[in-house]
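no sequence for this one, just the structure:
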């Protein structure tokens with residue numbers, strides 16, 4: 001059973017999430033918080049596996065609360081702009097979704113985050129205000145998602161292995177992810193490759 005804490009300042013959002021998530025066989029909402037301070041307190045008390053965290057809340061906002069939610073996987077669920085994506089990921093968030101996400105996609109995201117994956121809303125990083133990937137970086141990212149090494153990618157694209165390394169470093173930084181595996185997951189979840197080569 002995946003234990004979930006919902007942190008959002010709107011009661012209707014909290015109640016809606018609780019009602020929907022509670023009908024899933026493997027999910028249990030163990031608590032609700034109306035602001036960041038309450039989220040931190042309840043996270044310490046209830047030890048949830050996953051925290052669904054809104055960014056815009058009274059008192060301690062979501063971004064400030066994030067580093068204090070150690071021990072839980074934090075999935076940002078917000079309506080604010082994606083200029084907050086990189087700060088949230090750097091502060092320790094395991095995912096970033098918008099509130100208009102398909103309910104079933106949210107359930108899958110909770111399960112995936114709980115398993116240790118990083119989840120980002122489609123296009124969350126590719127909007128004005130963030131640095132979009134170049135065409136070449138997108139090509140490299142697609143090849144990474146297909147499980148290819150730098151040497152194989154260099155051969156495929158007809159450029160040097162050293163140049164590939166530079167592109168990889170750049171796209172990891174832009175995506176706010178730690179390694180090639182997380183970059184591959186991002187590519188798969190955003191439909192940049194046809195299927196999941198990791199499964």
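Alright, I've got the coordinates. The structure displayed is predicted, hence computed values, not measured ones. Numbers count the residues shown, from 1 in each chain.

contact partners for residue 53?
Going by CB atoms under 8 Å, 6 or more residues apart in numbering, residue 53 touches 7, 39, 62, 65-66, 69, 74-77, 93. All C-beta atoms are positioned from the backbone trio N, CA, C, and that covers glycine.

which of these lies closest to residue 162?
residue 93 (32.5 Å; CB to CB).

wait, residue 93 sits on residue 74?
Yes: using CB atoms under 8 Å, residue 93 is in contact with residue 74, at 4.9 Å.

mind listing the shared neighbours of the two?
Common contacts of residue 93 and residue 74 (CB under 8 Å, 6+ apart): 53, 66.

which residues in the chain form strands?
2-7, 27-33, 50-53, 73-78, 95-98, 119-120 (DSSP state E).

deepest of those strands, which one?
Neighbour counts (mean count of other CB atoms under 10 Å) averaged over each of the strands of the chain peak at strand 50-53, with a mean of 28.

of all the strands of the chain, which lies closest to residue 169?
Once those are compared by CB to CB, strand 119-120 is nearest, at 18.9 Å.

give me the mean pLDDT for that closest one.
The average pLDDT within strand 119-120 is 82.

now tabulate the strands of the chain in JSON lines and tack on distance to residue 171.
What follows is the strands of the chain, written out as JSON lines (distance: least, CB to CB, whole Å):
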{"stretch": "strand 2-7", "distance to residue 171": "31"}
{"stretch": "strand 27-33", "distance to residue 171": "33"}
{"stretch": "strand 50-53", "distance to residue 171": "26"}
{"stretch": "strand 73-78", "distance to residue 171": "21"}
{"stretch": "strand 95-98", "distance to residue 171": "17"}
{"stretch": "strand 119-120", "distance to residue 171": "13"}
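
closest one to residue 108 among those strands?
Across those, residue 108 has its closest neighbour in strand 119-120 (8.7 Å, CB to CB).

okay if I get the contacts of residue 53 as TSV plus distance to residue 30 and pLDDT?
Converted to TSV, the contacts of residue 53 look like this (distance: CB to CB, whole Å; pLDDT from 0 to 100):
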residue	distance to residue 30	pLDDT
7	12	97
39	13	96
62	19	91
65	17	94
66	19	93
69	14	93
74	15	95
75	15	95
76	19	93
77	16	93
93	20	88
